[in-house]
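Colleague: Any chance you can model this:
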Amino acid sequence: MPELALPPVRRQHLEVLTGPLGIWQHADGIVPDETFGTCTDDVSRALVVDLLHRHELGWEAVRPSALGWLRYLEAAFDASVGTFRNFRAADGGWLDGPPSQESQGRALLALGTTAREAPEVPFRLAASSLLGAALAGAARLTSPRAVSSAILGLDAGLDGDESGLMAHTFSALVDRLDRPFAELDHDDEWSWPEPVLTYESALLPHALIVAGRRLGDANRRRDGLAVLDWLIETQTARGGVFSPVGNEGWWERGGPRARFAQQPIEATATILASSAAFDATRDPRYRRAAEAAYAWFLGVNESGLMVADGDTGGCRDGLSQGHVSENQGAESTLMWLTAVETIRSLRTRSWMSR
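Modeller: As a prediction, the model looks like this:
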């Protein structure tokens, strides 16, 4: 499959979705739907996107929004329990209810990434301080996706941490994630540690690959790569087309697989995991897998339809048989923007390694 062109950085739709307190979760078409307010999940993703965009646009271009996202996470943190509130109404009030574990993991991932990659010392220190304050809450995570995001965040944070507590929490979370993976029979037709394949699946082997590299643990690296290989194989259709499991029923072991209501988060999770696998192995098939998932956004999918809008930086919320969602919400848009910059970086690294 030939490489598809990379668009220049486009932030128009991201700016449309950005409100005075955060990024609106949902949109009716391209118009933000303020009814649903904002959330820590999407703000965390937006912070990571700003850190990616600084490489192309320069830090000053994204600094104001990055600072806003960091302030949002500081406001979301509930020090009394060591976790982040997730949902925030349009008027700025935090909504009641226990926050999801996934929102905790994404906040940790954004903070760790900021602590490592922000070009200003005050940004790095603020992110590192909040990450350290959230370690107790991180240690209580049990959801595999939340644990995986936390592992990736702590891996980034460890580059500047000297306390030892972060390393201890990191190792404990890696043990928690690895246990069901280590028991898998990779010769089995179902090489997955859950009875149902659902959303953002490639995040889990991504975390194991990164953890294996950090810890010098060949077994964990091997487990992560083996499961990622299985995901790539089972989510590749005829002609090498990326075809993630859809959310209209997902895929239960032994049952039929949902083909449609495919979502951008699956493509981006695969790109990120494949990029990490390429860095760990220099095997070109992981670059090909990442490129196939990128091409999914641009019409190389089972419906032959464009999911992303390269002119505005927006992205439609899902792909069905013969049509795409007209709504361009925060998660989808941020997944597209992350995908573009990850592929841009992967191509550069791949060229430099030749």
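
Colleague: Mind jotting down where the strands sit in this structure?
Modeller: Along the chain, the segments classed as strands by DSSP state E run 24-28, 31-39, 77-78, 83-84, 87-88, 196-197, 251-252, 308-309, 314-315, 319-320, 323-324.

Colleague: Would you mind saying which of those strands lies nearest residue 125?
Modeller: strand 77-78 (15.6 Å; C-beta to C-beta). C-beta coordinates here come from the backbone N, C-alpha and C atoms, glycine included.

Colleague: For that closest one, which strands pair with it and how are they oriented?
Modeller: strand 83-84 (antiparallel) (DSSP bridges).

Colleague: now the partner strand, how far from the chain's geometric center?
Modeller: For strand 83-84, the separation from the chain centroid amounts to 19 Å (computed by C-alpha atoms, centre = their mean, to the nearest Å).

Colleague: ok, residues contacting it?
Modeller: 40, 73, 76-78, 99, 103-104, 107, 134, 137 (C-beta atoms under 8 Å, 6 or more residues apart in numbering).

Colleague: Going through those residues, which ones are buried?
Modeller: Listed as buried from the contacts of strand 83-84 are 40, 73, 76-77, 99, 103-104, 107, 134, 137; burial here means 16 or more other C-beta atoms under 10 Å.

Colleague: Let me see the contact set for residue 59.
Modeller: Counting by C-beta under 8 Å, 6+ apart, residue 59 touches 119-120.

Colleague: Ok, residue 250 next?
Modeller: Residue 250 neighbours (C-beta under 8 Å, 6+ apart): 196-199, 258.

Colleague: next one: residue 284
Modeller: For residue 284, the contact set (C-beta under 8 Å, 6+ apart) comprises 278, 350.

Colleague: Give me the subset of the buried ones among the contacts of strand 83-84 lying in helices.
Modeller: Using DSSP state H, the members of the buried ones among the contacts of strand 83-84 that fall in helices are 40, 73, 76, 103-104, 107, 137.

Colleague: just those residues now: which is nearest residue 305?
Modeller: Residue 305 has its nearest neighbour among these in residue 103, at 30.5 Å by C-beta to C-beta.

Colleague: Do I have it right that that closest one meets residue 41?
Modeller: Yes: using C-beta atoms under 8 Å, residue 103 is in contact with residue 41, at 4.9 Å.

Colleague: intersection of neighbour lists for the two?
Modeller: Taking C-beta under 8 Å, 6+ apart as the criterion, residue 103 and residue 41 both touch residue 86.

Colleague: Please go through this protein and pick out the longest helix.
Modeller: Longest helix of the chain, by residue count under DSSP H: helix 330-352.

Colleague: Give me the buried positions along that helix.
Modeller: For helix 330-352, burial by neighbour count (16+ other C-beta under 10 Å) applies to 330-344, 346-347, 350.

Colleague: Present the contacts of strand 83-84 as JSON lines; the columns should include pLDDT.
Modeller: Converted to JSON lines, those look like this (pLDDT from 0 to 100):
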{"residue": "40", "pLDDT": "98"}
{"residue": "73", "pLDDT": "98"}
{"residue": "76", "pLDDT": "97"}
{"residue": "77", "pLDDT": "97"}
{"residue": "78", "pLDDT": "96"}
{"residue": "99", "pLDDT": "89"}
{"residue": "103", "pLDDT": "97"}
{"residue": "104", "pLDDT": "98"}
{"residue": "107", "pLDDT": "98"}
{"residue": "134", "pLDDT": "97"}
{"residue": "137", "pLDDT": "96"}
